[in-house]
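**Student:** Quick one: sequence plus predicted model below, questions after.
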Amino acid sequence: MTRPNKRSTRIKKTRVNTADMLASQIMPTAQCIPGTFEECDAPNTTDADQRHSTRSGQTRTIRKLTRIDKLERRGVIDKREALACEWYAKAHAARYDTLGITANYGEANGAACTNFDHLPKTKPQQVAYDHYEMARQAIPPMIRPMFERVVLEGRRLGKLALKFRMAARRLLEHIEGKVAL
């Protein structure tokens with residue numbers, strides 16, 4: 001006597017991304033696009049943050065994915081190329097970070113001694129400028145505006161994925177061994 005093969009009739013539960021679920025609880029629904037957030041460890045930078053996370057038991061938070069993270073997840077660029085692109089963006093930001101007064105409008109006596117340019121005022125800014133200019137030379141001039149729109153401004157890539165990958169690969173090859181990624 002043989003029994004007929006009975007298959008399980010369980011209904012599969014749909015997986016819910018916890019980061020998307022948390023984002024929908026915190027933010028307006030118009031800003032909660034699925035797949036744009038990831039769950040990560042909460043940064044405890046101060047003693048108050050550490051006490052709060054210990055008392056509440058909340059050690060995880062969500063963060064919005066950058067354009068570079070999205071390109072890496074889609075497979076447009078690999079991990080090392082993504083690190084090179086992030087380094088490029090940080091070098092650009094460090095170059096143009098202002099640490100002091102950039103303009104003084106209080107004493108408008110005709111002979112202003114203020115700077116209205118972005119000349120480096122500190123040694124780290126000068127080093128960041130040198131690194132940024134060295135890295136810019138690695139990217140072909142025809143592709144550089146598109147590369148900087150994606151990496152620095154976070155714009156969409158469109159149909160230029162192959163050219164973007166080529167620029168990221170050239171950047172990685174040029175800065176590898178010269179800077180820490």
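**Tutor:** Ah, there it is.
**Student:** Spatially nearest residue to Met166, not counting backbone neighbours?
**Tutor:** Among residues not flanking Met166 along the chain, Ile143 sits closest, at 7.1 Å (Cβ to Cβ, 6 or more residues apart in numbering). For the C-beta atoms, the positions are set from N, CA and C on the backbone; glycine is no exception.
**Student:** Extract the C-alpha trace of stretch 132-140 and format it as PDB.
**Tutor:** Output in PDB follows, covering the C-alpha atoms of stretch 132-140 (Å, rounded to 0.1, in the frame of the first residue of the first chain):
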ATOM      1  CA  TYR A 132      42.400  65.400  -5.400                       C
ATOM      2  CA  GLU A 133      44.300  67.000  -8.300                       C
ATOM      3  CA  MET A 134      46.500  63.900  -8.700                       C
ATOM      4  CA  ALA A 135      43.400  61.700  -8.800                       C
ATOM      5  CA  ARG A 136      41.600  64.000 -11.300                       C
ATOM      6  CA  GLN A 137      44.400  63.500 -13.800                       C
ATOM      7  CA  ALA A 138      43.800  59.800 -13.800                       C
ATOM      8  CA  ILE A 139      40.300  60.200 -15.200                       C
ATOM      9  CA  PRO A 140      40.000  61.000 -18.900                       C
END
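**Student:** how does the chain divide into domains?
**Tutor:** 15-65, 66-112+120-181 (automatic domain parsing).
**Student:** Give me the mean pLDDT for the shortest one.
**Tutor:** Confidence over domain 15-65 (mean pLDDT, whole number) is 78.
**Student:** Report the mean per-residue pLDDT for stretch 125-139.
**Tutor:** 89.
**Student:** how far does it sit from the chain's center?
**Tutor:** How far stretch 125-139 lies from its chain's middle: 19 Å, per Cα atoms, centre = their mean, to the nearest Å.
**Student:** give me phi/psi at Glu39?
**Tutor:** phi -90, psi 140 (degrees, to the nearest 10).
**Student:** Then Met142?
**Tutor:** According to degrees, to the nearest 10, Met142 has phi -70, psi -30.
**Student:** related to what we said a few turns ago, pick the most deeply packed of the domains of the chain.
**Tutor:** Highest mean neighbour count of the domains of the chain: domain 66-112+120-181, a mean of 15 (counted as mean count of other Cβ atoms under 10 Å).
**Student:** Understood, closing this out.
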